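Asker: Show me how the following folds:
(4 chains)
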There are 2 protein chains.
Amino acid sequence: MTSTQELVESIDRAGHRLTAPRRAVAELVAAREGHFTAADLVTDARRARTGIGRATVFRTLELFTELGLVERVDLPNGDHAYVACEAVHHHHAICTSCGRSFDVSDVGLARVLDQVGSQLDFRITSHRLEVFGICAECHGVAAH
Amino acid sequence: MTSTQELVESIDRAGHRLTAPRRAVAELVAAREGHFTAADLVTDARRARTGIGRATVFRTLELFTELGLVERVDLPNGDHAYVACEAVHHHHAICTSCGRSFDVSDVGLARVLDQVGSQLDFRITSHRLEVFGICAECHGVAAH
DNA sequence: GCCCACACTGAGACTGAATCTCGATCTGAG
DNA sequence: CTCAGATCGAGATTCAGTCTCAGTGTGGGC
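Answerer: Presented below is the predicted three-dimensional model:
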């Protein structure tokens, strides 16, 4: 979804240096569909013979996360993964079959949270909703 | 919330052996208010001079998780933590000030998920909602 | 264009969480 | 009371992620 160009431009816009390793990581992220772990990217980088070190992949991923271009999600098995996404607040629906992630707009969730907040007299500062299941494409194909 | 006795009985009921180390871990879990990490429990165990090894703490925690007596949550900072809870589906509101966790019943969330599911043509198999904020007690005290 | 401060990089050491192994121990059915 | 096998503790191991540090490359200033 997010293109290499978008990622690269955001780095520049935020006042960071545009280096070859960062471009390379941006490409790897853009090439990924769905979620991926840091280790996945490190492997990708090695396979593509980019000569990029582990530390740089982590640092660049951290940078992207800071810029909101990539978001960290916690898989049901406890693994930490990342997904490329738009820089606005939203949630993810992750297909457990193909691993792709879909953006979920805030449909009605705000109301639910309001209710939770007032019910517990709880000042909500942040929240996280993660939905797991089978996407249209996968259940369309796999079902029969 | 969950008492030592409840934890111990559940182990028995599920057909597992009732050993002294498991009782001890059950006590430590019951004594905890709010979330705790595996490392916290290991420290507790050492401090209480129970003579329980790290591996056993992890194994027992895994057992409790399996039985639904304890649930794993991912803190905003990425740490893995656990909370003792009832064995029915629900969510957690975690106070970022005192660390206590409150059960959130499913108020309206099901409807939101239905909407998400049909909107994306996505077969939802599981979901996770985590709410972070300041609990009544903490903002009552801390505010002034 | 050229320079140079300094942001950034790679390699590998380091940390800490979690898992695995293995011989010893304990539980509980019979 | 006995015994199979579930469970245990200690420590080795693995692995993700972070840190260090000397070397490199970017890009603003001239």
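
Asker: Who are the contact partners of the residue nearest the centre of chain A?
Answerer: The centre of chain A sits closest to A:Val83, judged by Cα atoms, centre = their mean, with a distance of 1.8 Å. A:Val83 makes contacts with A:Gly34, A:His35, A:Phe36, A:Val70, A:Glu71, A:Val73, A:His92, A:Ile94, A:Ser101, as judged by Cβ atoms under 8 Å, 6 or more residues apart in numbering or on different chains. Quick note: C-beta positions are derived from backbone N, CA and C, even for glycine.

Asker: same thing but 10 Å
Answerer: A:1-2, A:29, A:32-36, A:70-73, A:92, A:94, A:99-103 (Cβ atoms under 10 Å, 6 or more residues apart in numbering or on different chains).

Asker: do the same with A:Cys95
Answerer: A:34-35, A:101-102, A:131-139, B:120, B:122-123, B:125.

Asker: least trustworthy helix or strand in chain A by mean pLDDT?
Answerer: Taking mean pLDDT, DSSP states H and E as the measure, helix A:136-142 is the helix or strand of chain A with the lowest mean score, a mean of 75.

Asker: how far out from the middle of the chain is it?
Answerer: When C-alpha coordinates are averaged (Cα atoms, centre = their mean, to the nearest Å), helix A:136-142 and its chain have centres 22 Å apart.

Asker: For chain A, just list every one of the strands.
Answerer: A:70-74, A:80-84, A:91-95, A:101-104, A:123-134 (DSSP state E).

Asker: DNA strand C contacts on chain A?
Answerer: Neighbours of DNA strand C within chain A, by Cβ under 7 Å from any atom of the strand: A:16-17, A:19, A:21-22, A:50-56, A:59-60.

Asker: Tell me which of the strands of chain A is the most buried.
Answerer: For the strands of chain A, the largest average neighbour count (mean count of other Cβ atoms under 10 Å in any protein chain shown) is found in strand A:91-95, namely a mean of 23.

Asker: Now find how far off-centre it is within its chain.
Answerer: With Cα atoms, centre = their mean, you get 10 Å for strand A:91-95.

Asker: Run through the residues of chain A sitting next to DNA strand D.
Answerer: Selection of chain A residues close to DNA strand D by Cβ under 7 Å from any atom of the strand yields A:12, A:17-20, A:37-39, A:54-55, A:58, A:62, A:80.

Asker: now these in a markdown table, with pLDDT and distance to A:Val107?
Answerer: Listed next are the residues of chain A next to DNA strand D as a markdown table, based on pLDDT from 0 to 100; distance: Cβ to Cβ, whole Å:
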| residue | pLDDT | distance to A:Val107 |
| --- | --- | --- |
| A:Asp12 | 91 | 34 |
| A:Arg17 | 93 | 39 |
| A:Leu18 | 94 | 37 |
| A:Thr19 | 94 | 40 |
| A:Ala20 | 94 | 41 |
| A:Thr37 | 93 | 29 |
| A:Ala38 | 95 | 31 |
| A:Ala39 | 94 | 33 |
| A:Arg54 | 94 | 39 |
| A:Ala55 | 95 | 40 |
| A:Phe58 | 97 | 34 |
| A:Glu62 | 95 | 30 |
| A:His80 | 90 | 26 |
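
Asker: Put the alpha carbons of stretch A:81-88 into PDB.
Answerer: Extracted in PDB, the C-alpha atoms of stretch A:81-88 (Å, rounded to 0.1, in the frame of the first residue of the first chain):
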ATOM      1  CA  ALA A  81       5.300  -7.500  13.900                       C
ATOM      2  CA  TYR A  82       5.000  -4.400  11.800                       C
ATOM      3  CA  VAL A  83       2.700  -3.300   9.100                       C
ATOM      4  CA  ALA A  84       3.000  -0.400   6.700                       C
ATOM      5  CA  CYS A  85       0.100   2.000   7.000                       C
ATOM      6  CA  GLU A  86      -1.300   5.400   6.700                       C
ATOM      7  CA  ALA A  87      -0.300   7.900   9.400                       C
ATOM      8  CA  VAL A  88      -3.700   8.400  10.900                       C
END
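
Asker: List the residue ranges of chain A that fall below the pLDDT cut-off.
Answerer: Applying pLDDT under 70 to chain A flags the ranges A:1, A:87-88, A:141-144.

Asker: just to revisit the earlier point, got a winner among the residues of chain A next to DNA strand C for most neighbours?
Answerer: When neighbours are taken as other Cβ atoms under 10 Å in any protein chain shown, the top entry among the residues of chain A next to DNA strand C is A:Thr60 (26 neighbours).
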